[in-house]
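Visitor: What follows is a predicted structure for the sequence shown.
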Amino acid sequence: WDFFSSLLGWQEMSGELRALIVEDSRDDAALLVRELKRGGFSVDFLCVDTPEALRHALEGAPGDRPWGIVIADFSLPKLDGLDALRLLKETGQDIPFILISGAISEEIAVSVMKAGAQDFITKGNLSRLVPAVERELKEAAHRSARRRMEEEVRAVNERLVHANKMASLGTLASGVAHEINNPNNYIMLNAELLADAWKDAAAILEGYYRSNGDFMLGGLLFSEMKKTAPELLSGIKDGARRIKDIVDGLKDFSRIESADLHREFDVNKAVDAAVRLLSNEITRYTDIFTFAPAADLPPVRGSAQRIEQVVINLILNSLHALGGRGRGVRLGTFYDAGRHEVIIKVKDEGGGMPKEVAGRATEPFFTTKTDMGGTGLGLSISYSIIKEHGGALEFESAPGVGTIAIVRLPAVSRARQAQTGQN
């Protein structure tokens, strides 16, 4: 067929209809193309007559436009029409398929249609070809549009389910935070009281120790306990304060916030809140985590809670990418005076991403963490949040060198700050 194509000048031409013709007769193929052109189509076509050639054509090459129609001769020595139809179905592509043949029985025509062909046209009645192609192209377009709508509906439903889960999680977190706060307040208050009591008792016990020598107290010698007790009490107070910080972070994160994006807030505080909320996850995944907040950072305008959500997503992604506790995550904030932007940068020492994966990172439902329960929504939601703040979410990554996530947010001008302060 390469010979026939070059002989007749049958090179693929750009046009509105890309047709894959399964035919071993150059005259019959030319007749089909001529009929399509007569019907107003600008035809971009390819002829094949073997299973291998058909598979190769259906697989296509990167950048190829999809086939608009497959027209196949019912009976060929190496590839009959039903086999061609079966090969097409195996690819899963929704391409209209029309069979062409000489006179055949009604039973065979019915079996062909049941097998999935869109139409069956005899060679003696090719006047039906153009109307059939036009009809099937419209039907294929309708099916494609319907699939896109169904996919969009599924995507919206997934987002609604996720939003509902997040709302339920927020309500649960708020309730749990309240239940934890009450007993923790007792711990904090009693720890202070015990610390004061120990100071008073320690002086008396020290006098007894000097007069009578060492003695047992709580299973330890007093000479050891007088060093250990203050450390234990300090640890209780520090632990209770840490619980309080985590609970306060949960309450802030789960608080329903208005959609007002005109409030000014401190990015460093939002980032620090995210870090405190993730303290256990950070300890679980790495021994190397740093946060370097920039001094004198101008405020930004928007929702501190939503930016905190973005930072949480970025830190979690970095932690999950590490692959070992010896690799680290470095978090920092900066001010880009030239672009008048506040920058949040999360840099990890993980495996990195190839360019094609990094380019799809913010697509809804795209995830490389299915084994970890990833939904592919975290970065998509983060991207939407940053966009609604007038900012940008960017990624710099390559395999083997880790990933840098960069959040850019418009800063409130210094003049505006001064004016607001005076007011």
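Guide: Yep, that arrived.

Visitor: going forward, measure contacts and count neighbours with C-alpha atoms only.
Guide: Will do.

Visitor: All the helices of the stretch 51-200 of the chain, residue numbers only.
Guide: If DSSP state H, counting those that start in this stretch is used as the criterion, the helices of the stretch 51-200 of the chain fall at 51-59, 81-91, 106-115, 129-212.

Visitor: Which of the ones you listed sits closest to Lys237?
Guide: With C-alpha to C-alpha, the closest approach to Lys237 among the helices of the stretch 51-200 of the chain belongs to helix 129-212: 5.9 Å.

Visitor: Lowest mean pLDDT across the helices of the stretch 51-200 of the chain, which one is that?
Guide: Within those, confidence is poorest for helix 106-115, with a mean of 79 (mean pLDDT).

Visitor: Now do the buried residues in it.
Guide: Going by neighbour count (16 or more other C-alpha atoms under 10 Å), the buried part of helix 106-115 is Ala109, Val112.

Visitor: what's the angle between it and helix 81-91?
Guide: Relative orientation of helix 106-115 and helix 81-91, computed by axes from the mean of the first three to the mean of the last three C-alpha atoms, to 10 degrees: 10 degrees.

Visitor: can you start the count at 58 instead of 1 from here on
Guide: In the new numbering, first residue 58, that becomes helix 163-172.

Visitor: Check which helices and strands helix 163-172 sits against.
Guide: Judged by 3 or more C-alpha pairs under 8 Å, 6 or more residues apart in numbering; DSSP states H and E, helix 163-172 is in contact with helix 138-148, strand 176-179.

Visitor: what is the mean pLDDT for the last one?
Guide: So the one you mean is strand 176-179. Averaged over strand 176-179, pLDDT sits at 88.

Visitor: Repeat that for stretch 412-426.
Guide: If you average the pLDDT over stretch 412-426, you get 61.

Visitor: picking that back up, possible to save the helices of the stretch 108-257 of the chain as a markdown table with distance to Ile126?
Guide: Shown next, in a markdown table, are the helices of the stretch 108-257 of the chain (distance: least, C-alpha to C-alpha, whole Å):
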| stretch | distance to Ile126 |
| --- | --- |
| helix 108-116 | 11 |
| helix 138-148 | 11 |
| helix 163-172 | 16 |
| helix 186-269 | 8 |
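
Visitor: Need the winner for burial among these.
Guide: Across the helices of the stretch 108-257 of the chain, the average number of neighbours (mean count of other C-alpha atoms under 10 Å) peaks for helix 138-148, which reaches a mean of 17.

Visitor: Pull the CA coordinates from that one and hand them back as PDB.
Guide: Output in PDB follows, covering the C-alpha atoms of helix 138-148 (Å, rounded to 0.1, in the frame of the first residue of the first chain):
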ATOM      1  CA  GLY A 138     -14.500  -6.700   8.500                       C
ATOM      2  CA  LEU A 139     -15.600  -8.500  11.700                       C
ATOM      3  CA  ASP A 140     -12.000  -9.000  12.800                       C
ATOM      4  CA  ALA A 141     -11.300  -5.300  12.100                       C
ATOM      5  CA  LEU A 142     -14.300  -4.400  14.300                       C
ATOM      6  CA  ARG A 143     -13.100  -6.700  17.100                       C
ATOM      7  CA  LEU A 144      -9.600  -5.200  17.000                       C
ATOM      8  CA  LEU A 145     -11.200  -1.700  17.300                       C
ATOM      9  CA  LYS A 146     -13.300  -2.800  20.200                       C
ATOM     10  CA  GLU A 147     -10.200  -4.200  22.000                       C
ATOM     11  CA  THR A 148      -8.700  -0.700  22.000                       C
END
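
Visitor: Show me where the stretch 358-480 of the chain has its strands.
Guide: In the stretch 358-480 of the chain, the strands defined using DSSP state E, counting those that start in this stretch lie at 385-393, 398-405, 449-454, 460-467.

Visitor: sorry, back to before: Glu236 is nearest to which of the helices and strands packed on helix 163-172?
Guide: That would be, of the helices and strands packed on helix 163-172 and by C-alpha to C-alpha, helix 138-148, which comes in at 56.3 Å.

Visitor: re earlier: in TSV, list the strands of the stretch 358-480 of the chain along with mean neighbour count.
Guide: Below are the strands of the stretch 358-480 of the chain laid out as TSV (neighbours: other C-alpha atoms under 10 Å):
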stretch	mean neighbour count
strand 385-393	20
strand 398-405	23
strand 449-454	18
strand 460-467	22
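
Visitor: least reliable of those strands going by mean pLDDT?
Guide: Of all the strands of the stretch 358-480 of the chain, the minimum mean pLDDT falls on strand 449-454 (a mean of 89).

Visitor: Who are the packing partners of that strand?
Guide: Strand 449-454 sits against helix 412-416, helix 435-445, strand 460-467, with contacts defined as 3+ C-alpha pairs under 8 Å, 6+ apart.

Visitor: at 10 Å instead, please
Guide: Under the contact criterion of 3 or more C-alpha pairs under 10 Å, 6 or more residues apart in numbering; DSSP states H and E, strand 449-454 touches strand 398-405, helix 412-416, helix 435-445, strand 460-467.

Visitor: Put the alpha carbons of the third one into CSV.
Guide: C-alpha atoms of helix 435-445 as CSV (Å, rounded to 0.1, in the frame of the first residue of the first chain):
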residue,chain,number,x,y,z
GLY,A,435,-5.1,18.1,48.0
LEU,A,436,-3.0,20.0,45.5
SER,A,437,-6.0,20.7,43.3
ILE,A,438,-7.8,22.4,46.2
SER,A,439,-4.6,24.2,47.3
TYR,A,440,-4.2,25.5,43.7
SER,A,441,-7.8,26.8,43.8
ILE,A,442,-7.2,28.5,47.2
ILE,A,443,-4.0,30.2,46.0
LYS,A,444,-5.7,31.4,42.8
GLU,A,445,-8.6,32.9,44.7
